[in-house]
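Asker: no FASTA, just this:
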Ligand SMILES: [Fe+2]
């Protein structure tokens, strides 16, 4: 901000907006001439303090030159009425003939940054104006810098969250890969679970968590041997016990995370094979089963019924809906079923099906507990 003449404005400072108010028109005129001579281009000059308040609100200045002693509204009254935004730093340069220390102290506590004594010494006034404007520029630069940093942090935080979601989604696909190479079952279960959660009035944040956590419900299948997971025939009771362990394996994989998405995914993995009537894997009953698990149970079963597997054709939505409806109060939480049926009736469920229309592979053996025997005979849950 160097300049050949110490009092002249640098090109950067010349664009600063300066508001000057003095009830004596001559003073205003002199101030105007002085400022223009120094190179300042954006000037709001007035001898009316009320007009000064209006001009300030119209376009925030970078500096206010303010006379203290004015009729109707003095300098203190003007400072009082100006709406300075929190965090903004607008310097006030007080023009006064009053050297009383009490008045100066009062002005300083009201927001004044500096004083010039009337009659003006042009060189001194311009130098003080320049100093205050340079400080104002530094303040603006700092604020811009802080805003840019905040924006970068927001961006990086968002990228990190997206990365976490993406990695977990791919983990879900990896877990499903042996019986669902496309991973679309996992994604559809997430979408359906989110629709049910939304219908049940859960907040946006929980709905989005459901959408992202539910696809991980079967992540524990990664620890089930091929011979059992992909066995074409019925499972022996011992094999079925091994199969059931996928919920516990999933819990170990997803447990002890330190962010909400992992926590919910872990809860879902552990509880999605619980039954409302207590006949599920762990024997939890009713509302002792986490709501997330009760919702995913419905979404998972419906999706499995209505999509093709190597050993069964896809059943129609009507059949799927009938199975879910019949199991309300037995396998499923009746309120979750009611919300699910409302979602289905509204047509929103078909959006999920159309978005992921490719054929499904694989079929969770535990679903035979629903009596879906055409697919194959299984050990009871
Ligand atoms: Fe499962």
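Answerer: Perfect, I can see it now. Note that the coordinates shown come from a computational prediction; the quantities given were computed from them, not determined experimentally.

Asker: average pLDDT for stretch 53-61?
Answerer: Averaging pLDDT along stretch 53-61 gives 93.

Asker: What's the end-to-end length of stretch 54-70?
Answerer: The first and last residues of stretch 54-70 sit 16 Å apart, counting by C-alpha to C-alpha, to the nearest Å.

Asker: repeat for stretch 92-102
Answerer: 17 Å.

Asker: Mind listing residues that contact it?
Answerer: Contacting residues not belonging to stretch 92-102 are listed as 22, 27, 63-69, 75, 79, 103-104, 107, 111-120, 128-129, 132 [C-beta atoms under 8 Å, 6 or more residues apart in numbering]. Placement of C-beta: from N, CA and C, glycine included.

Asker: again with stretch 124-141
Answerer: Under C-beta under 8 Å, 6+ apart, the answer for stretch 124-141 is 1, 6-9, 12-13, 16, 18, 34-35, 38, 62-63, 65, 89-91, 93, 113-114, 116.

Asker: Select only the buried ones of those in ChimeraX?
Answerer: Burial among these is assessed by 16 or more other C-beta atoms under 10 Å; the matching ChimeraX selection reads:
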select :7,9,13,16,18,34,35,38,62,63,65,90,91,93,113,116
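
Asker: re the thing from before, quick check: ChimeraX command selecting the buried ones in the contacts of stretch 92-102.
Answerer: To isolate the buried subset of these in ChimeraX, counting by 16+ other C-beta under 10 Å, use the following:
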select :22,27,63,64,65,66,67,68,75,79,103,104,107,111,112,113,115,116,118,128,129,132
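
Asker: So for stretch 300-310, what gets flagged as buried?
Answerer: Going by 16+ other C-beta under 10 Å, stretch 300-310 has these buried residues: 300-307, 309.

Asker: Make a markdown table from these and add pLDDT to it.
Answerer: Listed next are these as a markdown table, based on pLDDT from 0 to 100:
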| residue | pLDDT |
| --- | --- |
| 300 | 94 |
| 301 | 94 |
| 302 | 95 |
| 303 | 91 |
| 304 | 88 |
| 305 | 91 |
| 306 | 89 |
| 307 | 84 |
| 309 | 63 |
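
Asker: Residue 322: which of those residues is nearest?
Answerer: Using C-beta to C-beta, residue 305 comes nearest to residue 322 of the buried residues of stretch 300-310, at 9.6 Å.

Asker: residues contacting the residue lying farthest from the centre of the chain?
Answerer: No residue in the chain sits farther from the centre than residue 119, which is 56.5 Å out by C-alpha atoms, centre = their mean. Going by C-beta under 8 Å, 6+ apart, residue 119 touches residue 97.

Asker: Start the count at 21 instead of 1 going forward.
Answerer: Yep, numbering from 21; the last one is residue 139 now.

Asker: So what does it look like in phi/psi?
Answerer: Main-chain torsions, residue 139, degrees, to the nearest 10: phi -70, psi 150.

Asker: mind checking how far it is from residue 116?
Answerer: 11 Å (C-beta to C-beta, to the nearest Å).

Asker: same check, this time on residue 174
Answerer: 45 Å.

Asker: Compare these two and say which is more crowded by neighbours.
Answerer: residue 116 (19 against 10; other C-beta atoms under 10 Å).

Asker: Give me the pLDDT for the more buried one.
Answerer: The model's pLDDT for residue 116 equals 84.

Asker: So what sits opposite it in the bridge?
Answerer: Going by DSSP bridges, residue 116 is paired in beta bridges with residue 137.

Asker: gap between it and residue 280?
Answerer: From residue 116 over to residue 280 the distance is 59 Å, taken as C-beta to C-beta.

Asker: Same check on residue 78?
Answerer: Taking C-beta to C-beta as the measure, residue 78 and residue 280 are separated by 46 Å.

Asker: Of these two, which one has the most company?
Answerer: Ranked by neighbour count (other C-beta under 10 Å), residue 78 and residue 280 place residue 280 first, with 13 against 10.

Asker: Next, the more buried one: phi, psi?
Answerer: Main-chain torsions, residue 280, degrees, to the nearest 10: phi -60, psi -40.

Asker: Verify the assumption that residue 50 is located in a helix.
Answerer: Yes. According to DSSP: H, G, I helix; E, B strand; the rest coil, residue 50 belongs to a helix.
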